[in-house]
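Undergrad: based on what follows, work out the 3D shape:
(one chain, ligands or ions: 2)
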Amino acid sequence: MTKVLAAGDRFVDPQLFVSALTEQAVGHDLSFSTMKTGWPVEPFGPVGGVREASGTEQQVLEALGDAEILATQMAPVTADVLGKSPNLRFVGVARGGPVNVDLAAATEAGVIVSYTPARNAAAAAEFAVGLILAAMRRIADSNAELKNGNWRGDYYAYEQAGLELEGATVGLVGYGAIGRIVARVLSAFGAHVLVSDPFVGREEADRDGVRLVELDDLMRASSVVSLHARLTPETEHLINAANLALLPEGAVLVNSARGGLLDYAPLPDLLASGRLGGVALDVYDVEPPPRDWPLFDAPNVITTPHLAGATRRTADRAAAIVAGDAALFLDGRRPRHVANPEVLERLEDLSP
Ligand SMILES: NC(=O)C1=CN([C@@H]2O[C@H](COP(=O)(O)OP(=O)(O)OC[C@H]3O[C@@H](n4cnc5c(N)ncnc54)[C@H](O)[C@@H]3O)[C@@H](O)[C@H]2O)C=CC1
Ligand SMILES: O=C(O)C(=O)COP(=O)(O)O
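TA: Ligands and ions are numbered 1, 2, ... in the order given. Just a heads-up that it's a prediction; the model follows:
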């Protein structure tokens, strides 16, 4: 009998993990316990040195007991949790990066950590394109105003009129799983796509029909900029007052990646002066932002509550990928999406 803790949170219900593992771990006798945490998510930690965790170490330890497998999206898997859970052997994280796991400590403890790259790429890319269109054409603002009885005729005025994607130059900061889908969709609209990503080669960009440029050049040339990089110590405040000042007059800025990538402080003045024509945000430096956040009252600002990745398909895929890797682990085979492959070398029973 293998004990499994299915730890759900605001997005992936524990039952999804239970169903997916039951379906995929054929021939294994599993016993499940479940826990569910929700908000608040600690965005930048430190919960025991890990990021974006939901729930406490104490909650996780109590629920984990002597389980061998943990399936989770956001439980904090810290050095302390790992140190106090000698039976734990496999952690499946339903995330694009296992930021809520102390990977070095897991490797040290011989615990395999798997994750789910691109599980939500289509969902997040489609949402980003929606935000881009909504900000370029004032779809959200005009909707809210009309519901308040305000038929804004001045939106037809030349100075206020919207931007088009066809023929526009759009800059994507980060060209990973999500950025690539956004680029394809925007290219289909007839936009010229510029990309800034230090880990992407020119050959790859040429093949995809996008132009790889330095960040400052992207900011100078783009009437729309959308962020799709991961948040790391190197990318914190990657977009800031200095490079926002390079944007063409009236540019639109979209952040559906991570709040920490963008310094929000200069945005109200840039919107008031018209240097920025619109801003669309799904993520924030503090989530949720306070009620008196200045950007809530700024013109043409669209705000959604960290929803970009949240489709049913994302949750189903996340659970299925975690379960698939857990099933491979149970069969003594190599899981497909391992974040700490060095640990596999030490586990003799996992055939290559
Ligand atoms: N709002 C939401 O609900 C969601 C947000 N996200 C966020 O979207 C972002 C993108 O996710 P994925 O495409 O899945 O990640 P990914 O890991 O596939 O791609 C991230 C890209 O960022 C690039 N990058 C690293 N340093 C950079 C720098 N200095 N400048 C420009 N690019 C840099 C990497 O080379 C990589 O290509 C992440 O921040 C993720 O957390 C993802 C899904 C849902
Ligand atoms: O699930 C969410 O809310 C996300 O923002 C996903 O981001 P991730 O790819 O897990 O870093």
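Undergrad: tell me where the model's unsure across the stretch 251-352 of the chain.
TA: 348-352 (pLDDT under 70).
Undergrad: and with 50 instead?
TA: Scanning the stretch 251-352 of the chain with the threshold set as pLDDT under 50 gives 352.
Undergrad: now the chain
TA: Those would be 352, if you go by pLDDT under 50 across the chain.
Undergrad: show me where it has strands.
TA: 2-8, 30-36, 41-42, 53-54, 69-72, 90-93, 112-114, 169-173, 192-196, 211-212, 224-227, 251-255, 276-281, 301-303 (DSSP state E).
Undergrad: any chance of those strands in JSON lines, with distance to ligand 2 and mean neighbour count too?
TA: Quick note: C-beta positions are derived from backbone N, CA and C, even for glycine. Shown next, in JSON lines, are those (distance: least, CB to the nearest ligand atom, whole Å; neighbours: other CB atoms under 10 Å):
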{"stretch": "strand 2-8", "distance to ligand 2": "13", "mean neighbour count": "24"}
{"stretch": "strand 30-36", "distance to ligand 2": "16", "mean neighbour count": "16"}
{"stretch": "strand 41-42", "distance to ligand 2": "8", "mean neighbour count": "19"}
{"stretch": "strand 53-54", "distance to ligand 2": "10", "mean neighbour count": "26"}
{"stretch": "strand 69-72", "distance to ligand 2": "12", "mean neighbour count": "30"}
{"stretch": "strand 90-93", "distance to ligand 2": "8", "mean neighbour count": "28"}
{"stretch": "strand 112-114", "distance to ligand 2": "13", "mean neighbour count": "25"}
{"stretch": "strand 169-173", "distance to ligand 2": "16", "mean neighbour count": "25"}
{"stretch": "strand 192-196", "distance to ligand 2": "19", "mean neighbour count": "23"}
{"stretch": "strand 211-212", "distance to ligand 2": "23", "mean neighbour count": "18"}
{"stretch": "strand 224-227", "distance to ligand 2": "13", "mean neighbour count": "27"}
{"stretch": "strand 251-255", "distance to ligand 2": "12", "mean neighbour count": "26"}
{"stretch": "strand 276-281", "distance to ligand 2": "13", "mean neighbour count": "25"}
{"stretch": "strand 301-303", "distance to ligand 2": "15", "mean neighbour count": "20"}
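Undergrad: out of the ones you listed, flag the one nearest residue 155.
TA: Judged by CB to CB, the one of the strands of the chain that comes nearest to residue 155 is strand 276-281, at 12.1 Å.
Undergrad: now that closest one, how far from the centre of its chain.
TA: The chain centre lies 19 Å from the centre of strand 276-281; the measure is CA atoms, centre = their mean, to the nearest Å.
Undergrad: numbering from 450 from now on, please.
TA: Sounds good: first residue 450 from here, last item strand 725-730.
Undergrad: please save the CA atoms from that strand in CSV.
TA: C-alpha atoms of strand 725-730 as CSV (Å, rounded to 0.1, in the frame of the first residue of the first chain):
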residue,chain,number,x,y,z
LEU,A,725,0.8,54.8,-21.8
GLY,A,726,-2.5,54.4,-23.6
GLY,A,727,-3.6,51.5,-21.6
VAL,A,728,-2.5,48.8,-19.2
ALA,A,729,-4.0,45.3,-18.7
LEU,A,730,-3.0,43.3,-15.6
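Undergrad: can you tell me the strand partners of that strand and which way each runs?
TA: Strand 725-730 pairs in its sheet with strand 700-704 (parallel), strand 750-752 (parallel), by DSSP bridges.
Undergrad: give me the contact status of that strand with ligand 1.
TA: No: Strand 725-730 lies out of reach of ligand 1 by CB under 6 Å from any ligand atom, never closer than 9.6 Å.
Undergrad: who's in contact with that strand?
TA: With contact meaning CB atoms under 8 Å, 6 or more residues apart in numbering, strand 725-730 is reached by 580-581, 583-585, 587, 589, 612, 693, 696, 698-705, 716, 719-720, 744, 747, 749-753.
Undergrad: of the residues you listed, select the buried ones using a ChimeraX command.
TA: Here is the ChimeraX command that selects the buried residues among these (16 or more other CB atoms under 10 Å):
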select :580,581,583,584,585,587,589,612,693,696,700,701,702,703,704,705,716,719,720,747,749,750,751,752,753
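Undergrad: relative to residue 737, how far out is residue 754?
TA: As judged by CB to CB, to the nearest Å, residue 754 and residue 737 stand 7 Å apart.
Undergrad: so who does the nearest residue to residue 618 once chain neighbours are set aside touch?
TA: Excluding the flanking residues, the one nearest residue 618 by CB to CB, 6 or more residues apart in numbering is residue 641, at 4.7 Å. Neighbouring residues of residue 641 by CB under 8 Å, 6+ apart: 616, 617, 618, 619, 660.
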